[in-house]
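J.: Got a predicted structure here, sequence first:
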Amino acid sequence: MPNSTVLKACEQTEIDLSGAADWVPFDAPALVGDSLRFVSGDSRGDRFRARYYRDAEQHLHARFWLGPEAEGPPGHAHGGAVAAIMDEALGLAAWAAGYPIVVGNLNVSFRNMLPLRKVVTVESRVVSVEGRKIMVHGRIFRGEKTFAEAQCLCITIPGK
Ligand SMILES: CCCCC/C=C\C/C=C\C/C=C\C/C=C\CCCC(=O)SCCNC(=O)CCNC(=O)[C@H](O)C(C)(C)COP(=O)(O)OP(=O)(O)OC[C@H]1O[C@@H](n2cnc3c(N)ncnc32)[C@H](O)[C@@H]1OP(=O)(O)O
């Protein structure tokens, strides 16, 4: 078969990224513009698929699916892919909480290898606000298993 007719591995596949019953879809581009394309911009892609939500307490959550183009160790996510998710989701959590920020420091702990082609959940919490420094913690998990934890120091952008 010529290359041009080979379908991407997952482009015909619908992935169920629906949220928990009490989550409300969160429109990230409406808040921060279209510049989040790197991680969550391709809803039918072979690398990341994502959907953001907020719970009743306004905490940001996401469902993520990582496809074959996010591979690091065989069958599992590249660490940079996991870090990119944390960067976007935790930065976005600060924006969603009302703080216009960029990420100043991101510390990611890789706890277990994250399997490709599985839907995982990202949870986040804004844990402290000190002047321009907004600390956001996050976790990527599926069921009982935690794949990564992160602490994200966000710095508000003057004039925004
Ligand atoms: C830079 C302009 C960007 C404009 C962007 C405009 C709009 C953005 C719109 C939408 C954004 C969209 C989505 C957001 C959601 C997710 C996006 C993903 C997040 C990212 O992907 S975003 C890209 C990666 N990100 C960067 O590209 C940052 C590069 N960097 C800088 O732009 C500066 O570095 C900055 C602004 C961080 C600080 O610079 P600055 O001159 O304004 O402030 P300063 O250095 O004085 O720090 C003030 C206080 O924060 C402490 N502090 C600073 N950095 C620290 C660190 N690393 N560790 C520990 N403490 C730190 C200091 O110690 C001080 O603390 P204290 O007040 O206690 O002394």
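T.: Okay, I see it. Residues are numbered from 1 along each chain as shown.
J.: what's near enough to touch residue 81?
T.: 47-48, 66, 70, 72 (CB atoms under 8 Å, 6 or more residues apart in numbering). C-beta here means a position set from N, CA and C on the backbone, and glycine is covered the same way.
J.: Residue 57: neighbour count?
T.: Per other CB atoms under 10 Å, the neighbour tally for residue 57 reads 7.
J.: Next, it: phi, psi?
T.: phi -90, psi 10 (degrees, to the nearest 10).
J.: Not counting stretch 28-40 itself, show me its contacts.
T.: By CB under 8 Å, 6+ apart, stretch 28-40 touches 41, 48, 50, 52, 84-85, 87-88, 92, 95-96.
J.: Narrow those residues to those that are buried.
T.: Using 16 or more other CB atoms under 10 Å as the burial test, the contacts of stretch 28-40 include 48, 50, 52, 84-85, 87-88, 92, 95-96 as buried.
J.: I'd like the C-alpha coordinates of stretch 19-37 written as CSV, please.
T.: Presented in CSV, the C-alpha positions along stretch 19-37 are these (Å, rounded to 0.1, in the frame of the first residue of the first chain):
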residue,chain,number,x,y,z
GLY,A,19,-16.0,13.7,32.3
ALA,A,20,-17.4,12.8,35.7
ALA,A,21,-21.1,13.4,36.3
ASP,A,22,-20.5,16.7,38.2
TRP,A,23,-17.9,18.1,35.8
VAL,A,24,-18.7,21.0,33.4
PRO,A,25,-16.7,21.3,30.1
PHE,A,26,-14.2,24.0,30.3
ASP,A,27,-13.5,26.0,27.1
ALA,A,28,-9.7,26.7,27.4
PRO,A,29,-9.3,28.6,24.0
ALA,A,30,-12.1,30.9,25.1
LEU,A,31,-10.0,31.9,28.1
VAL,A,32,-6.5,31.9,26.8
GLY,A,33,-6.8,32.0,23.0
ASP,A,34,-5.7,29.4,20.5
SER,A,35,-2.1,29.2,21.6
LEU,A,36,-2.6,25.9,23.5
ARG,A,37,-2.4,23.9,20.3
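J.: starting at the chain centroid, how far to it?
T.: 11 Å (CA atoms, centre = their mean, to the nearest Å).
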